[in-house]
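**Student:** Following is a predicted model, sequence given first.
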Amino acid sequence: MTLLKTSAGCLRSARLLLAATAISVLTQFSPVMAQDPIPGGTLHLPAPYSSALKSLDPHITYESQDMAVSKAFHRALYTWNSAENRPTLDLATAVETSADGKTFTYKLRDNAYFHNGRKMTADDLIWSYTRIMDPQKGYPGSPMISEIVGAEDYAAGKATSISGLKKIDDFTLEITFKNYLEPGTLLFEAVTAILPKEEADKPEFLSHPVGLGPFRFVEHVEGSRVVGEKFDKYYKPGQPYADRVEFTITDEYSTLDVAFRAGELDATVLSGGAYAAYKADPDLSKGLIEVPELFTRHMGMNVQKAPFDDVRVRQAINYAVDRDIIIRKLLKDKAFKATGWLPMTSVAFDKDRAPYAYDPEKAKQLLKEAGYGNGFEFEAMVTDGESTLGVLQAMTPFLAAVGITAKPKVVESGVLLDAINAGEAMAWFRSNGTGPDPVGALRCFDSRVSRSACNRSGYADPKFDAMIDAASSDPDPKRRIELAKEADGYIFEQAPVWFHNYNKAVVATQPWVHGVDSNVTEAAILEVDQIWLDENAPGRQ
Amino acid sequence: MKLLQLLRPNLFVGGLILVIMVFVALFAPLIATHDPVLDANLIYAEEPPGGAFLMGTDEQGRDIFSRVIYGARISLTIGLVVQLMNTCIGVTLGLSAGYFGGWWDEFVQGLTNLMLSIPTVVFALALMAVLGPGVTSLLIALGMTDWAYSCRISRAQVLSQKSRSYVQAAQTMGYGRFHIMFRELLPNIAGPLVVIATMGIGSAIMAEASLSFLGLGVVPPAPSWGSMLSHAREQLMVSPWIAIFPGAALFLTVLGFNLLGDGLRDLIDPQGKARRA
Amino acid sequence: MLMVIARRLMQALLTVAVVVTLVFLLFSVIPGSFVTSLVGEKRDIDPRVMARIEEQLHLNDPLPERFGRYVADLARGDLGSSFSTRRPVIDMLESRIVASFRLACAAILFAVAIGLPLGFIAAARPGSWIDMAAMMGAVSGLSVPGFWFGLLAMYFFSLQLGWLPTFGYGQGGLRHLVLPALTLGIGPMALLARTTRAAVLEVRGADFIRTARSKGMSETRIVTRHLARNAFVLVLTTIGLQFGSMLGGSVVIESLFAWPGVGSLLIQSVSLRDIPAVQGCILVIVLFFLLINTLVDIAYMLIDPRIRYR
């Protein structure tokens, strides 16, 4: 009797066990149900790269940390869509392109409110863009707006308004551009944010911004933090998910690192050293987001001065230095080797192009052909920093191996800039923004562009100018990209700079944070209206 | 009694430290194991102390031990030159102010007060920003901003010695004013001045390190202890030895000068004339 | 006494005037300008924009004009607007002064709390090993480079042990104040210990003499009291002077700890060539120093009436 009962019991237990196992196995392999965003809590985010904010007025400043904060309080016509890696409409719901491809008609949102309660209309866009072109002020967004027909005339005082901005009705705006371009690439950054006229003119605006963003300004402690709270009338229903956002302002990577480890920050950008440490840690490595940013680090060369006027010398330098070891050891792998002026995440990037190999023999041969068989000496002006002087020092032994002596001259950035603009500096280190518009990025080698604008090398090649003109005047967007790719290849071959790397930004996120995007235009600018915290977040207490 | 007890430790330890430092600075090429600037191989970047690299390597793969050794040269040279400049300026001004009196005295006193109101680091910062980084600018900025104290002391000393018999005698004998100031008075007030000068070298070295730390002093890749510390900040979590050794060297050197100064003060100026101004 | 105070104030005003002029002249010959400093590492600024900014900020006006405008504004209490943030410098300095002041107070409190007792203990048994140890400690405290000490403290207490935050102001709480105050206060602490020791020894010396002579010598009592007062005054003066120079002396430490005070704003503004901000910071530092100095002098005069008529 007992035996039977026991065996029946055994069977039952076995069945239960089997069922339990089956269920656990099934849930393991069943498709992961995307958790729904949970509203509430406070986001703790970084405003890195500087010890203090320059300005809370988004038109005034082009600094990364200011733009990261402005993402919470302000919005522009377009926004950078990290998922699709291109700018998409934000303050408009639809856009129509004219037959000639230069006029765009925008259907604006009718549910966008400023933090002071007023609804946004087409007048606000016109006012904001006109403000940016104010000739009395030097707003960094003016080069973008000047692409609109009539903007330059307005700035020169020849017109009282920008003719290319036409209001059709309260929620329809027509913008006409001078050339063929993708308007999204010009109008997505905070420097072109839409502001309310009645607030922006007040002096308090500099310390109490009012905008269209998902969060409303609460307080700013100089050099320390900025706080915002959820704006109920934000035009995306249910968003922002969090109730508050707090930005910690600091330029010290160690502060961010320690705060992140202590759980005081929900996300942070990492330095090279921290990146190496986090990668090696089993827990910390889980939340890492690697962002190939649209910046190209390079050593610029003055192509109008010997010996850099000889393309063989410039190519020799590109062959002589071992980029891999510099990236691996000095930059802790926090960069991608450069294979052209345009970076990996650019639409016109050529992924099939091979980088300059590490080939000191070839370098020596090229130098001999150019008449510098015995090598030469040059002076590189650098500021004191890891990516400037540090890289030069790392390059020095490699250059020495092919007979080139690089002498560092450490100066302050203002002095360096003056020397470059005057055409006196031989070589310098810089990280140029190279996107999202590929033709705009390549203009840095257009002979008609001045040194102080972007063409620091003084590169002048009519063949290249023609390629750029072809790329910017073709009405077909796909063809424009192809031509840009070709132009990039040409520049790569001509090597007006020593191509170093594309910046790899690394964002570390806590396990309780969701919705952090990977913004290739600037990794520190997080889309705050889509970030949410789950139950485990300390920011919920 | 107390004098003898204090004499030996301060003077002895301070003197010993400095003798070692000077020795190291003089014979740096023989003591260092690598070239402090050129021997940079990324393969050995950020190695901990041990083996070929007694104090480890920095982020460029340079040997820290060799850089610390050569750094002694930079610090000691700059410290000595700067203090020499300051002392010359201060003593000249102070002596003449005390001896001549009148409007010159008022002027020098006003100038001294002015110099004392501006913190040295701030003034040097401003000057360095104008002059640009580099050793020459550093010498100018530091050598011309820290003379106020020695000026005050020399002036006070001259005032108290002016009425002494040897001065009266020299005046009666018809010796020139500069002769009296520099050949008669100066040797008699040298005591407290030597003390100040010695400790002043310590603070000059510290000032140079501070400026280099802020990126405004000795220009990298030259191995200044201050700039080594500044670059060590970024690697502190991972490679703390980059910060420990240069800082320890700086600390010991300044300590040596301070101890020596203390010992000298107990020896030469037990009444603390150097303190009262 | 009021005459003396008035005279001091006149001197102070003159000093401020000279400093302000000096700084202005200095920064007008500085290489590189605000506009060139705008071109950061990452983004290019269009030269047309740069030209407009130059115009807007009157950077190219002749020197006498700019100076005249500056002095006129200063007379009205207007410190100008920062080139960088376009906000009035006074507004920017407000929170910074508070932060620096908190740091200075915490540092001086630490210095007094440790330095004074240390000096007393050392003076209690002069020549003993306690005395030697205390004084060695004091000399070390004077010799240690602040930023090195700060870095090491950071490494041990924050990065390794995790007891304290590494940098920053945080929410303004005490935890963030500890390391910077410690680092800033160690030099003054050492100096105070030495000064206290010397002062106490002097008084005791006189005491000794007094008891060595016969009783009832009122003259020596006066001498002792005078010495005690002198000693107290010396210690007070040292505390005052150290406190007064802390705003300027904290420049490096504020930079190290990312403490949002006047010192770190100064360094930032110098590299940005933000001249109004630089001048504002230096003005605050010098004024603070002069203010504390004058207060110390007044206290000096109140305590020792013999000094009043100098």
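**Tutor:** Done, it's in.
**Student:** Please make it C-alpha for all contacts and neighbour counts, starting now.
**Tutor:** OK.
**Student:** separation between the nearest residue to residue A:389 once chain neighbours are set aside and residue A:427?
**Tutor:** Distances taken as CA to CA, 6 or more residues apart in numbering or on different chains put residue A:382 closest to residue A:389, at 5.7 Å, once the chain neighbours are dropped. Relative to residue A:427, residue A:382 is positioned 8 Å away (criterion: CA to CA, to the nearest Å).
**Student:** Phi and psi next, for the residue nearest to residue A:389.
**Tutor:** Note on residue A:382: its backbone torsions stand at phi -140, psi 150 [degrees, to the nearest 10].
**Student:** Please apply the same query to residue A:172.
**Tutor:** With angles defined as degrees, to the nearest 10, residue A:172 shows backbone torsions of phi -130, psi 130.
**Student:** give me the element residue C:15 is part of.
**Tutor:** Secondary structure assignment for residue C:15, by DSSP states H and E: helix C:2-28.
**Student:** remind me which residues of the chain are low pLDDT?
**Tutor:** Looking at chain A here, since you left the chain open. Chain A contains residues with pLDDT under 70 at A:1-34, A:541.
**Student:** Not quite, go with chain C.
**Tutor:** C:1, C:31-32, C:39-42, C:159, C:165-172, C:206-224, C:226-227, C:304-310.
**Student:** which parts of it sit against chain B?
**Tutor:** Chain C comes close to chain B at residues C:15, C:19, C:23, C:26-27, C:29-31, C:126-127, C:139-140, C:142-145, C:147-148, C:151-152, C:155, C:159, C:245, C:248-249, C:251-252, C:270-271, C:282, C:286, C:289-290, as judged by CA under 8 Å from any CA of the partner chain.
**Student:** Got a quick PyMOL command for the buried subset of those?
**Tutor:** Selecting in PyMOL just the buried members of the residues of chain C next to chain B, where the criterion is 16 or more other CA atoms under 10 Å in any protein chain shown, is done with this command:
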select buried, chain C and resi 15+19+23+27+30+31+126+127+139+140+142+143+144+145+147+148+151+152+155+159+245+248+249+251+252+270+271+282+286+289+290
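**Student:** Give me the subset of the residues of chain C next to chain B that lies in helices.
**Tutor:** Among the residues of chain C next to chain B, the members falling in helices are C:15, C:19, C:23, C:26-27, C:139-140, C:142-143, C:147-148, C:151-152, C:248-249, C:251-252, C:270-271, C:282, C:286, C:289-290 (criterion: DSSP state H).
**Student:** ok, back up a step: in this structure the residue nearest to residue A:389 contacts residue A:406, no?
**Tutor:** No - judged on CA atoms under 8 Å, residue A:382 makes no contact with residue A:406 at a distance of 11.5 Å.
**Student:** Show me which of these two is the more surrounded one.
**Tutor:** Set side by side, residue A:382 and residue A:406 show unequal neighbour counts under other CA atoms under 10 Å in any protein chain shown, the larger going to residue A:382 at 24 against 19.
**Student:** gap between that one and residue A:398?
**Tutor:** 18 Å.
**Student:** for residue C:93, same thing?
**Tutor:** Applying CA to CA, the value for residue C:93 to residue A:398 is 48 Å.
**Student:** neighbouring contacts of the helix or strand hosting residue A:464?
**Tutor:** For residue A:464, the enclosing helix or strand under DSSP H and E is helix A:462-473. Taking CA atoms under 8 Å, 6 or more residues apart in numbering or on different chains as the criterion, the residues outside helix A:462-473 that touch it are A:179-181, A:439, A:442-443, A:445-447, A:479-484, A:487, A:490-491.
**Student:** and residue A:245, what are its phi and psi?
**Tutor:** Comment: the main-chain dihedrals of residue A:245 come out as phi -130, psi 140, following degrees, to the nearest 10.
**Student:** now it, which residues is it bridged with?
**Tutor:** With DSSP bridges applied, the residues forming beta bridges to residue A:245 are residue A:43, residue A:228.
**Student:** roughly how far out does the strand or helix carrying residue B:246 sit from the chain middle?
**Tutor:** Using DSSP H and E, residue B:246 maps to helix B:241-268. Averaging C-alpha positions (CA atoms, centre = their mean, to the nearest Å) puts helix B:241-268 11 Å from its chain's average.
**Student:** Tell me the helices and strands packed up against it.
**Tutor:** Using 3 or more CA pairs under 8 Å, 6 or more residues apart in numbering or on different chains; DSSP states H and E as the contact test, the elements touching helix B:241-268 are helix B:2-26, helix B:64-100, helix B:186-213, helix B:225-232, helix C:129-143, helix C:146-153.
**Student:** got the ones you listed as TSV, with distance to chain A columns?
**Tutor:** TSV is the format used below for the helices and strands packed on helix B:241-268 (distance: least, CA to the nearest CA, whole Å):
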stretch	distance to chain A
helix B:2-26	25
helix B:64-100	15
helix B:186-213	11
helix B:225-232	9
helix C:129-143	26
helix C:146-153	12
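**Student:** mean pLDDT lowest for which of those helices?
**Tutor:** If the helices and strands packed on helix B:241-268 are sorted by mean pLDDT, helix B:2-26 sits at the bottom with a mean of 79.
**Student:** Measure how far it is from the centre of its chain, please.
**Tutor:** The mean C-alpha position of helix B:2-26 is separated from the chain mean by 16 Å, CA atoms, centre = their mean.
**Student:** One more: stretch B:210-218?
**Tutor:** The gap between where stretch B:210-218 is centred and where its chain is centred comes out at 15 Å by CA atoms, centre = their mean.
**Student:** Stretch A:227-244 now?
**Tutor:** On the basis of CA atoms, centre = their mean, the separation between the geometric centre of stretch A:227-244 and that of its chain is 24 Å.
**Student:** contact partners of that stretch?
**Tutor:** Everything outside stretch A:227-244 that qualifies as a contact, by CA under 8 Å, 6+ apart, is A:37-43, A:72-73, A:111-113, A:115, A:212-220, A:245-247, A:528-533.
**Student:** could you flag which of these are buried?
**Tutor:** Here the buried ones among the contacts of stretch A:227-244, as counted with 16+ other CA under 10 Å, turn out to be A:37, A:39-43, A:72-73, A:112-113, A:115, A:212-217, A:220, A:245-247, A:528-533.
**Student:** which other residues reach stretch B:200-218?
**Tutor:** Against stretch B:200-218 from outside (CA under 8 Å, 6+ apart): A:384, B:75-76, B:78-80, B:82-83, B:121, B:125, B:128-129, B:132-135, B:138, B:142, B:219, B:224-230, B:250, B:253-255, B:257-258, C:143, C:145, C:147, C:252.
**Student:** Next, the buried residues of it.
**Tutor:** By neighbour count, and taking 16+ other CA under 10 Å as the criterion, the buried residues in stretch B:200-218 are B:200-218.
**Student:** List every C-alpha atom in stretch A:396-413, with coordinates, as PDB.
**Tutor:** Once side chains and other backbone atoms are set aside, the C-alpha atoms of stretch A:396-413 remain, and they are given as PDB (Å, rounded to 0.1, in the frame of the first residue of the first chain):
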ATOM      1  CA  THR A 396      57.700  60.900 -32.000                       C
ATOM      2  CA  PRO A 397      59.600  57.500 -31.900                       C
ATOM      3  CA  PHE A 398      57.800  56.300 -35.000                       C
ATOM      4  CA  LEU A 399      58.700  59.400 -36.900                       C
ATOM      5  CA  ALA A 400      62.200  59.300 -35.600                       C
ATOM      6  CA  ALA A 401      62.500  55.800 -37.000                       C
ATOM      7  CA  VAL A 402      62.100  57.100 -40.600                       C
ATOM      8  CA  GLY A 403      64.300  60.100 -40.000                       C
ATOM      9  CA  ILE A 404      61.700  62.800 -39.100                       C
ATOM     10  CA  THR A 405      62.200  64.800 -35.900                       C
ATOM     11  CA  ALA A 406      59.100  66.300 -34.500                       C
ATOM     12  CA  LYS A 407      59.700  69.100 -32.000                       C
ATOM     13  CA  PRO A 408      56.800  69.900 -29.700                       C
ATOM     14  CA  LYS A 409      56.000  73.500 -28.800                       C
ATOM     15  CA  VAL A 410      53.500  73.700 -26.100                       C
ATOM     16  CA  VAL A 411      51.300  76.800 -26.300                       C
ATOM     17  CA  GLU A 412      47.800  77.900 -25.100                       C
ATOM     18  CA  SER A 413      45.000  77.300 -27.500                       C
END
